[in-house]
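Trainee: just need the structure, nothing else, for what follows:
(one chain, ligands or ions: 2)
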Amino acid sequence: MTTWAEKYRPIYFEDIRGQEEAVAKVIDFIKNFPSPRETPSGLKKRAIILYGSAGTGKTSLANAAAKETNSEIFELNASDLRNKPQLKETLKPAIEQRSLLKKGKILLIDEMDGIAGEDRGGIQELVELIELSEYPIIMTANDAWTKKLSPLRKKCEIIQLKDLDYKIVKDVLIKILRKEKKFIDNKILTEIALKTKGDLRAAINDAQTISKLSSEEQIKTLFDERNKEENILDVLKKIFKLKASNETLRTFDQVDMKTDEIILWVEKNIPLEYRDKKLAKAYELLSETDIFNGRIYKQQYWRFLVYENIFLSYGIASLNKENKTNFTKYKRPTRVLKIWMNNLKIAKKKTIAEKYAKHSHISIKKAMKEFPIIKLLINSNPRR
Ligand SMILES: Nc1ncnc2c1ncn2[C@@H]1O[C@H](COP(=O)(O)OP(=O)(O)O)[C@@H](O)[C@H]1O
Ligand SMILES: [Mg+2]
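Mentor: Ligands and ions are numbered 1, 2, ... in the order given. Below is the predicted model:
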């Protein structure tokens, strides 16, 4: 199954919505791109940093630039920047002109936020290679203003992609739904567009999921899950980025999520935030929490819930020597997706059980218990 977001990825500049200024700047940049022989080094910018929130069109814009100039695209992974000699080995041949090939080339280093703070060597090397490049280099990042990118900034034109206006998001969704011959209620479309806050990829994904859902209950569940996700991301930011304080102890109050699930989120994202000794320490705290969690359930010592919370919040935050301002794109643990899907299934079950209960004058609870029979009934009726 291809996702709609992939299927409807913009190909040409004109397909990229709501980013006219950024598109114009990219066109300008490529038009005036100087050969290193023409200009003494440092006079003109030889690389771009496209920055903006997720799902605003950065990767699409870089690819469209290649398409529009009939250039091939050479993509470098941000993790290639970790290793200085390796970076040189990969990038050096790519930035040198091969006169036999007339086709242009654009080098893309996508998601620069992926490089951790310590990988300075790679960045320094990249700065030097930019000077020598015969081809435009396009980098993308959520945040162009972090410290770790500062050596690059001087060498790059920095172009911002805006968070997309909800009206544009809604318009894109309507066009896709029309092509897919699917229908979503106008109110729900507005809600998707508002909730995803300018992240068009998220909006398209939500629309695709919702187009498959049948009941209001399921749709509501999906929105609840998205709210929960927003809250937990905010919580992660607090415990991973801020110095521990009394406030820290209350961090988890703002999210309505079971500790087991919180642990999954913390576990998935610890390696994105800490390294070496701190990484080990963070995992240690996590396993303490997990052990505690097990004990609490086994022995029903609910009082211990407080301690568990302390390990997870204060414990981890105490690894932060100072408030950090860098940006980290946190990931969703895979098991959480399964929990989501499961919640959706339960919601669906509940709507069916509700109808059945009403029809046969029994309680919803009873109908839920009798669900295997209901399922049998539904499946044996070809007209459903
Ligand atoms: N400005 C935009 N115009 C049209 N579609 C967009 C735009 N931004 C994002 N999308 C949709 O979202 C998907 C992801 O976009 P992408 O360019 O990968 O975003 P980013 O790199 O900023 O996270 C695309 O495949 C497309 O479907
Ligand atoms: Mg991208």
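
Trainee: from here on, contacts and neighbour counts on C-alpha atoms
Mentor: Fine.

Trainee: interface residues of the stretch 1-150 of the chain facing ligand 1?
Mentor: Counting by CA under 6 Å from any ligand atom, the residues of the stretch 1-150 of the chain close to ligand 1 are 5-6, 8-10, 16-19, 54-60.

Trainee: meant to ask about the stretch 151-300 of the chain
Mentor: So far as CA under 6 Å from any ligand atom goes, the stretch 151-300 of the chain lies against ligand 1 at 200-201.

Trainee: quick check: the residue of the stretch 151-300 of the chain nearest ligand 1.
Mentor: Arg201 (3.6 Å; CA to the nearest ligand atom).

Trainee: same deal with the stretch 251-384 of the chain?
Mentor: Closest point on the stretch 251-384 of the chain to ligand 1, by CA to the nearest ligand atom, is Lys329, at 11.1 Å.

Trainee: give me the nearest residue to that residue, chain neighbours excluded.
Mentor: Excluding its sequence neighbours, the residue lying closest to Lys329 (CA to CA, 6 or more residues apart in numbering) is Asp113, at 7.6 Å.

Trainee: what sits against that neighbour?
Mentor: 141-143, 327-329 (CA atoms under 8 Å, 6 or more residues apart in numbering).

Trainee: related to what we said a few turns ago, among the residues of the stretch 1-150 of the chain next to ligand 1, which are located in helices?
Mentor: Mapping these onto helices (DSSP state H) picks out 5-6, 58-60.

Trainee: what about the helix or strand hosting Val23, average pLDDT?
Mentor: Counting by DSSP states H and E, the element that carries Val23 is helix 20-31. Throughout helix 20-31, pLDDT has a mean value of 95.

Trainee: pull out the buried residues from that helix.
Mentor: 22-23, 25-27, 29-30 (16 or more other CA atoms under 10 Å).

Trainee: now stretch 167-187
Mentor: 169-170, 172-174, 176-177, 184.

Trainee: closest to Ile310 among those?
Mentor: Taking CA to CA as the measure, Ile310 lies nearest Val169 of these, at 40.5 Å.

Trainee: any low-confidence regions in this protein?
Mentor: 36-43, 98-102, 116-120, 296-297, 300-306, 381-384 (pLDDT under 70).

Trainee: kindly report the domain assignment for it.
Mentor: Domains of the chain are assigned by automatic domain parsing as 4-160, 164-212, 222-384.

Trainee: now do the strands in this protein.
Mentor: 47-51, 71-77, 104-110, 137-141, 156-160 (DSSP state E).

Trainee: which outside residues touch the fourth one?
Mentor: This points to strand 137-141. Here strand 137-141 makes contact (CA under 8 Å, 6+ apart) with 46-52, 58-59, 62, 106-113, 130.

Trainee: with the third one instead?
Mentor: Contacts to strand 104-110, defined as CA under 8 Å, 6+ apart, come from residues 59, 62, 66, 69-78, 95, 135-141.

Trainee: also stretch 218-237?
Mentor: 210, 213, 251-252, 254-257, 262, 265-266, 330, 340, 343-345, 347-348.

Trainee: buried stuff in it?
Mentor: 218-219, 221-223, 225-226, 228-229, 231-233, 235-237.

Trainee: ok, the residues you listed vs Asp290, which is closest?
Mentor: Leu236 (17.3 Å).
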